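Student: Turn this into a structure:
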Amino acid sequence: MATTSKKQDMPPPGGYAAINFVRSPAKQYFSGYSMFLGFTGITTAALYLYYLQCKKIKREEIEMRSSRIALFPLLVAERDREYLKQLRRNRDEEAKLMANVEGWEVGKWNGEPIYRTTPPDTLLEPHITEYYVHAPYREFARRSNITMWH
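Tutor: Below is the predicted model:
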């Protein structure tokens with residue numbers, strides 16, 4: 001058996017190089033004054049653009065509000081007109097349904113007016129069930145916020 005000698009790992013001749021532990025600061029692109037001036041300039045420009053945008057938004061809000069104010073009476077009148085038309089359709093439907101019943105008069109019960117205490121040309125709004133009497137139940141339930149389980 002041949003004996004082999006093991007070589008121990010040793011430092012290189014002359015030793016290791018010195019460890020560099022000196023702080024190396026980052027390169028400065030801007031000074032403190034230029035950073036402050038840049039921040040002030042960008043903030044001023046942004047505030048000016050924000051001011052212009054706020055003026056534009058306020059102008060559009062005024063226009064939208066004006067259009068709503070202008071259209072509101074028209075929409076209310078159309079809603080009331082459709083309401084009266086539905087009341088007329090209900091009355092006509094009642095007259096058609098009860099046409100074969102002798103002595104039946106629309107708007108009367110046993111020959112007496114239902115609304116005998118009201119002055120002429122006075123609208124008495126019917127109960128919601130009377131208003132939707134000829135409509136599908138789903139429509140009545142949807143408009144009167146009734147929860148349907150099926």
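Student: Start and end of stretch 4-15, how far apart?
Tutor: 27 Å (C-alpha to C-alpha, to the nearest Å).
Student: Tell me the buried residues in that stretch?
Tutor: Going by neighbour count (16 or more other C-beta atoms under 10 Å), nothing in stretch 4-15 comes out as buried. To be clear about C-beta, it is placed using only N, CA and C from the backbone, and glycine gets the same treatment.
Student: was I right about G103 contacting W109?
Tutor: No: counting by C-beta atoms under 8 Å, W109 is not a contact partner of G103; they are 11.1 Å apart.
Student: what is the mean pLDDT for the helix ranked longest in the chain?
Tutor: Assignment by DSSP state H gives helix 32-97 as the longest helix of the chain. Averaging pLDDT along helix 32-97 yields 95.
Student: Contacts only, for the nearest residue to I146 once chain neighbours are set aside.
Tutor: The spatially closest residue to I146, leaving aside those adjacent along the chain, is F140, at 7.5 Å (C-beta to C-beta, 6 or more residues apart in numbering). Contact analysis of F140 by C-beta atoms under 8 Å, 6 or more residues apart in numbering lists 128-129, 132, 146.
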